[in-house]
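Asks: For reference, the sequence and a predicted model appear below.
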Amino acid sequence: MNLIVGLGNIGKEYEGTRHNVGFMVIDELAKVWGLKVNIAKFNALIGRGIAKIDGREFNVILAKPLTYMNLSGRAVKQLMDGFLIPPSNTIVIHDDLDLPLGTIRIKIGGSDAGHKGVRSIKEVVEDPVIRVRIGIGRPERKEDVVSFVLEEFTFDEKPVIKEAIKNSVKAIETIIKDGVPEAQRQFNR
């Protein structure tokens with residue numbers, strides 16, 4: 001069983017914002033795998049079912065925490081404990097200011113680099129989880145970070161992030177099917 005958690009903020013006002021790119025990937029995975037993410041359980045909206053990847057079937061749980069970004073660790077810990085999922089089978093998808101727009105990086109553990117959702121997870125989950133980081137770019141001025149992550153992508157950025165979301169789906173499928181090292185080889189460019 002694989003637990004795949006997209007980080008983001010709940011509510012219409014946050015839909016389409018840079019900080020919600022994790023939710024966007026969960027929505028795309030649900031579409032690709034024919035799942036619905038609509039059951040409230042363990043402080044998250046979840047969808048549970050079978051992911052068909054290259055002719056093989058894998059049990060998956062897709063999740064969007066209902067705790068808001070800065071408290072994501074609560075939901076992730078409850079999901080892992082409730083479904084008995086080890087960190088090695090837990091994939092967390094989140095935005096990353098330190099990567100150029102549309103870039104994907106896969107890693108296990110590592111620093112939170114100031115990302116409060118990741119920090120929240122690291123505070124409550126002892127062993128490192130698999131992370132799929134999606135670059136959202138960085139504002140010109142450091143003091144604009146909070147407003148920047150809560151803005152929607154611009155018209156010119158939307159095709160880039162749409163492609164990144166599709167590539168993230170492929171990366172996650174590769175992690176599940178072939179393991180983290182193979183996914184890193186293919187997607188960490």
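Replies: Done, it's in.
Asks: Surely Leu3 touches Ile61?
Replies: Yes - between Leu3 and Ile61 there is a contact at 4.9 Å, judged by Cβ atoms under 8 Å. Every C-beta, even on glycine, is put in place using the N, C-alpha and C of the backbone.
Asks: By mean pLDDT, flag the weakest helix or strand of the protein.
Replies: Counting by mean pLDDT, DSSP states H and E, the weakest-scoring helix or strand in the chain turns out to be helix 145-149, with a mean of 80.
Asks: Give me the buried positions along the next helix-or-strand element following that helix.
Replies: Toward the C-terminus, helix 145-149 is succeeded by helix 158-178 as the next helix or strand (DSSP states H and E). Buried residues in helix 158-178, counted by 16 or more other Cβ atoms under 10 Å: 160-161, 164-165, 167-169, 171-176.
Asks: Could you pull up the mean pLDDT of helix 158-178?
Replies: Averaging pLDDT along helix 158-178 yields 96.
Asks: what does stretch 18-33 give?
Replies: Rounded mean pLDDT across stretch 18-33 is 96.
Asks: any idea how far His19 is from the residue of the chain positioned farthest from its centre?
Replies: Going by Cα atoms, centre = their mean, the residue of the chain most distant from its centre is Arg141, 25.7 Å out. According to Cβ to Cβ, to the nearest Å, Arg141 and His19 sit 18 Å apart.
Asks: so who does the residue nearest to Ile175 when sequence neighbours are not counted touch?
Replies: Nearest residue to Ile175, sequence neighbours excluded (Cβ to Cβ, 6 or more residues apart in numbering): Ala183, at 4.5 Å. Applying Cβ atoms under 8 Å, 6 or more residues apart in numbering to Ala183 gives the contacts Ile106, Ala171, Ile172, Thr174, Ile175.
Asks: which one among those gets closest to Pro87?
Replies: Ranked by distance to Pro87 (Cβ to Cβ), the contacts of Ala183 are led by Ile175 at 13.2 Å.
Asks: Below-threshold pLDDT in this protein: ranges please.
Replies: Residues of the chain meeting the criterion pLDDT under 70: 142-143.
Asks: which residues in it form helices?
Replies: Counting by DSSP state H, one finds helices in the chain at the ranges 21-33, 72-83, 116-124, 145-149, 158-178, 180-187.
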